[in-house]
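> just the structure for this:
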Amino acid sequence: MQFLWPQMLWLLLSLPLLAAAYLYLIARRKKVALLYASLALPRAVLGRSQRLRRHIPPLLFLFALGAALLACARPTATITLPSDTITLVLAMDTSRSMAATDVAPTRIGAAQHAARDLVVGLPASVRLGIVSFAATATVVLPPTDKRLDMLDAIDRFQLQHGTATGSGLIQALAVLFPDDGIDLETILFSGESLAPGPGGRSLTEAAAADAVRKREQQGVEVQPGSYRHGAVILLSDGRRTTGPDPLDAARMAAQRGVRVYTVGFGTPQDAGAAVSSLSFSIQLDESTLREVAALTDGEYFQAGSAADLTQVYRQLSARFALERKEVEISALLAAGAVLLLVAACALSLLWFRR
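The predicted structure is shown next:
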């Protein structure tokens, strides 16, 4: 538990003072009791249960005051709540290596099957956009909440040469932030990811910094992982062969606060596969995928089979359904203080008529 106004906690020091004052009054009353001819008379009248009962209303009052003082400090707690509407972008590797048969029936077939399961299990609050990338990246489906359109888009994947992992991530960011002016073609043809701009930064980094400044002016937090309205799932089974560096693209995502969950699909070891008389390397680049996830405060998953990939998607779907939030609980403490105070007053009237 954290407190927005921790300085108010000093008021809790008044509780032991009040307890001491109460004990002092009890001691004074004992002195008054000496006026009785015999102490056995009032004790017999009160009984042991009565003597204990008289301390309950003051104790409840003390608890009520403590709860009220804690509420003044504005405590917050991390709780799990149903998530608000978010936009999820699935960036799918559709390079020729996805035709490998180390995952039955093929990598692309297993990936499509798992993606369909993801769509079926998505919470109603999640909109899904789909991007495919090979030598370049293409928007297969703009963000939508229509499940049938999602399933149709997954069936339209076509394998091509090349693996532009960075392009896939940049295109996913363009889908997630349509008003930021992220244009993949401009970046590719102008060489923005490589050509240094003002201050020694690449032009993509400069554009990301401009977006950060705009969000800061709007009072929006732009720390990695701070964006709560969307995320990217990036699946790849091989190494980048063309396009921007995926780490540069990950920095763009981090500067926008977007988490990127990366999935390495297939076996991490070197292997060869022959499709249509073509051989190619299908080595999984786990180190880059891990770093992309780390830069964006996301998480890396390794899926060596269709069942593994389905399980990864189910874990992610559950995360998007529920969201952990910092919530102020001052109202709950204040309500508890009122209930304790009412109970103390009610018991005092019921037992002692005062």
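> okay, and the beta partners of residue 328?
On the basis of DSSP bridges, residue 328 is bridged to residue 76.
> is it in contact with residue 5, as I believe?
No. In this structure residue 328 lies outside contact range of residue 5 using C-beta atoms under 8 Å: 10.6 Å. Every residue, glycine included, has its C-beta placed from N, CA and C.
> between those two, what contacts are shared?
Common contacts of residue 328 and residue 5 (C-beta atoms under 8 Å, 6 or more residues apart in numbering): residue 74.
> same drill for the two, tell me which one is more crowded.
Using other C-beta atoms under 10 Å, the more surrounded residue of residue 328 and residue 5 is residue 328, with 15 against 11.
> what residue spans form the domains of this protein?
Residue ranges for the domains of the chain, per automatic domain parsing: 2-78+328-352, 85-304.
> what about the closest residue to residue 253 other than its chain neighbours, how many residues nearby?
Leaving out its chain neighbours, the residue that sits closest to residue 253 by C-beta to C-beta, 6 or more residues apart in numbering is residue 296, at 4.9 Å. Using other C-beta under 10 Å, the number of residues around residue 296 comes to 29.
> quick one: residues contacting residue 296.
Residue 296 is in contact with 224, 225, 250, 253, 254, 258, 259, 260, counting by C-beta under 8 Å, 6+ apart.
> the second one: what secondary structure?
Using DSSP: H, G, I helix; E, B strand; the rest coil as the criterion, the local structure at residue 225 reads coil.
> can you offset everything so residue one is 6?
Sure thing, new numbering starts at 6, so read that last one as residue 230.
> point out where the stretch 206-355 of the chain drops to low pLDDT.
In the predicted model, the stretch 206-355 of the chain carries pLDDT under 70 at residues 206-226, 273-287, 326-330.
> what about the strands in it?
Using DSSP state E, counting those that start in this stretch, the strands of the stretch 206-355 of the chain run over residues 235-241, 264-270, 277-280, 283-286, 305-308, 327-333.
> which elements pack onto the first one?
Based on contacts counted as 3 or more C-beta pairs under 8 Å, 6 or more residues apart in numbering; DSSP states H and E, the elements that strand 235-241 packs against are strand 91-98, helix 170-181, strand 264-270, helix 291-300, helix 311-326.
> okay, the ones you listed in a markdown table with mean neighbour count and distance to residue 112 next?
Listed next are these as a markdown table, based on neighbours: other C-beta atoms under 10 Å; distance: least, C-beta to C-beta, whole Å:
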| stretch | mean neighbour count | distance to residue 112 |
| --- | --- | --- |
| strand 91-98 | 24 | 9 |
| helix 170-181 | 28 | 15 |
| strand 264-270 | 26 | 6 |
| helix 291-300 | 19 | 15 |
| helix 311-326 | 18 | 9 |
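> need those in TSV with distance to residue 114, can you?
Shown next, in TSV, are these (distance: least, C-beta to C-beta, whole Å):
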stretch	distance to residue 114
strand 91-98	13
helix 170-181	20
strand 264-270	12
helix 291-300	21
helix 311-326	8
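> what subset of the contacts of residue 301 is buried?
229, 230, 255, 258, 259, 263, 264, 265 (16 or more other C-beta atoms under 10 Å).
> thinking the fifth one is in contact with residue 300, fair?
Yes. With the criterion set as C-beta under 8 Å, residue 259 and residue 300 qualify as a contacting pair; they are 5.1 Å apart.
> and for these two, which residues touch both?
Joint contacts of residue 259 and residue 300 (C-beta under 8 Å, 6+ apart) are residue 229.
> and the top helix by length along the chain, how far out from the chain's middle?
Longest helix in the chain, counting residues (DSSP state H): helix 335-357. Its chain's average C-alpha position is 37 Å from that of helix 335-357, according to C-alpha atoms, centre = their mean, to the nearest Å.
> quick one: buried residues of it?
Under the neighbour-count criterion of 16+ other C-beta under 10 Å, helix 335-357 has 335, 338, 341, 342, 345, 346, 348, 349, 353 buried.
> residue 295 versus residue 156, what's the distance?
For residue 156, the distance to residue 295 equals 30 Å [C-beta to C-beta, to the nearest Å].
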